[in-house]
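Participant: here's my sequence, what's the structure:
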Amino acid sequence: MLLLNHYSFELAFQYPFTISKGTKTHQPTLVVSLGMGNLRGYGEAPAIKYYNVSVPEMVIMLESKRNVIERYALTDPKRFWHFLHHLLPGQNFLIAALDIAGWDLFAQMRRQPLYQMLGLKWEHIPLTDYTLGMDSAAEMLQKIQAHPWPIYKIKVGRPDDMDIIRAIRNHTDAKLRVDANEGWTFEETKALLPELQQLGVSMIEQPLSKTAIEEMKTLKAISPIPFFADESCVLEPDVEKCIDCFHGINIKLTKCGGITPALRMIAQAKKSGLKVMIGSMNECSIGSAAIANLLPLLDEVDMDGPLLLKEDVAKGLKYEKGVVTLSGTPGLGVQFTGE
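Facilitator: This next block holds a predicted model:
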């Protein structure tokens, strides 16, 4: 039998975090644990308002299924995901937390770091970026000065976007990515491409609405800068839809339902010639460690949640100038400190 526990947190950001969809000062998140004997596996589901997900609602759903979950015999994390998928239809955020906890626990039972249990070698590891939420140019430059980093992801979607990108480029030689979160139009994006290339922008993430399929096909055909899908690539069937519209996909563990479907999405994307990135939903070190264990499979990564948050509820994950290091202990490689 499994022992299920859960913990709710409101984790403060170091700076108010603004994207095209709004501003927040705290990240609500749900941490779940699955225990067996002396072992505990942990998973995390940050709540995102524009996906209509809240921590209290996840807790209610989790408690309603507690007895069924605790009776499950964990012999294979992939089978556990299928069990959760049928038990909690449509609850991908909650499924993701439980799926991650299941993988963490199972790898601990095997006495291996998760990436080793998955048959991966710790090599060809991409650097993570540091995200600059929307702000004035002066404030964003202050953040860069306080957080020197090899790659910055710039949240865009306002009239002064280019002024800010120019100011940032004049201030740093770091690699730049821009993320519009569906905040640009087709004409805006097309017009900005030449200067974005000149400014050395290396990636554009989700410039248009996820419904603008034909427009994205046109942009992909003419763009000198690779486009990565975010809101357009949430679930496994979305991968195929992105082939003609994007150069790569940004998978979010929380949105797709955890490590298990993410592994399938990665395999499908690579087979289709798409680059693969896993992105942050402002997870603390628990959700970020789940991403970290998949790093050998990725071309790019955005896992800066612990860098953006002023507080954490786990330890064991280290960051230095974009380089992510795991502790090497079995499972995810992090220790929960929030009890």
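Participant: just give the nearest non-adjacent residue to residue 302, would you?
Facilitator: Leaving out its chain neighbours, the residue that sits closest to residue 302 by CB to CB, 6 or more residues apart in numbering is residue 279, at 4.3 Å. Quick note: C-beta positions are derived from backbone N, CA and C, even for glycine.
Participant: packing partners of the longest helix belonging to the chain?
Facilitator: Longest helix in the chain, counting residues (DSSP state H): helix 92-109. With contacts taken as 3 or more CB pairs under 8 Å, 6 or more residues apart in numbering; DSSP states H and E, helix 92-109 sits against strand 22-36, strand 39-46, helix 55-64, helix 77-87, helix 114-117, helix 253-256, helix 259-271, helix 285-292.
Participant: run through who's touching the helix or strand containing residue 215.
Facilitator: Here residue 215, judged by DSSP states H and E, is contained in helix 213-222. Contact with helix 213-222 is made by 186, 189-190, 193, 207-208, 227, 232, 241, 244-247, as judged by CB atoms under 8 Å, 6 or more residues apart in numbering.
Participant: of the residues you listed, which belong to strands?
Facilitator: residue 227 (DSSP state E).
Participant: so who does residue 185 touch?
Facilitator: For residue 185, counting by CB under 8 Å, 6+ apart, the contacting residues are residue 208.
Participant: returning to what we had before: list buried residues within the contacts of helix 213-222.
Facilitator: 186, 189, 190, 193, 207, 208, 227, 232, 241, 245, 246, 247 (16 or more other CB atoms under 10 Å).
Participant: could you dump those to CSV with pLDDT?
Facilitator: Putting the buried ones among the contacts of helix 213-222 into CSV (pLDDT from 0 to 100) gives the following:
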residue, pLDDT
186, 98
189, 97
190, 98
193, 98
207, 97
208, 97
227, 98
232, 97
241, 97
245, 98
246, 98
247, 98
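Participant: of these, which is the nearest to residue 45?
Facilitator: residue 232 (21.6 Å; CB to CB).
Participant: most packed of the helices and strands packed on helix 92-109?
Facilitator: Of all those, helix 285-292 has the most neighbours on average by mean count of other CB atoms under 10 Å, namely a mean of 29.
Participant: only alpha carbons, please: show it as PDB.
Facilitator: What follows is helix 285-292, C-alpha atoms only, in PDB (Å, rounded to 0.1, in the frame of the first residue of the first chain):
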ATOM      1  CA  SER A 285      13.100  22.300  -6.600                       C
ATOM      2  CA  ILE A 286      10.800  19.300  -6.600                       C
ATOM      3  CA  GLY A 287       9.100  19.900 -10.000                       C
ATOM      4  CA  SER A 288      12.400  21.300 -11.300                       C
ATOM      5  CA  ALA A 289      14.300  18.200 -10.300                       C
ATOM      6  CA  ALA A 290      11.800  16.200 -12.400                       C
ATOM      7  CA  ILE A 291      12.800  18.300 -15.400                       C
ATOM      8  CA  ALA A 292      16.500  17.900 -14.500                       C
END
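Participant: tell me which other helices or strands it touches.
Facilitator: Against helix 285-292 (3+ CB pairs under 8 Å, 6+ apart) you get strand 39-46, helix 92-109, helix 253-256, helix 305-308, strand 314-315.
Participant: save the ones you listed as TSV, and put in mean pLDDT and distance to residue 215 too.
Facilitator: As requested, the helices and strands packed on helix 285-292 are exported to TSV (pLDDT from 0 to 100; distance: least, CB to CB, whole Å):
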stretch	mean pLDDT	distance to residue 215
strand 39-46	98	30
helix 92-109	98	27
helix 253-256	98	23
helix 305-308	98	31
strand 314-315	98	41
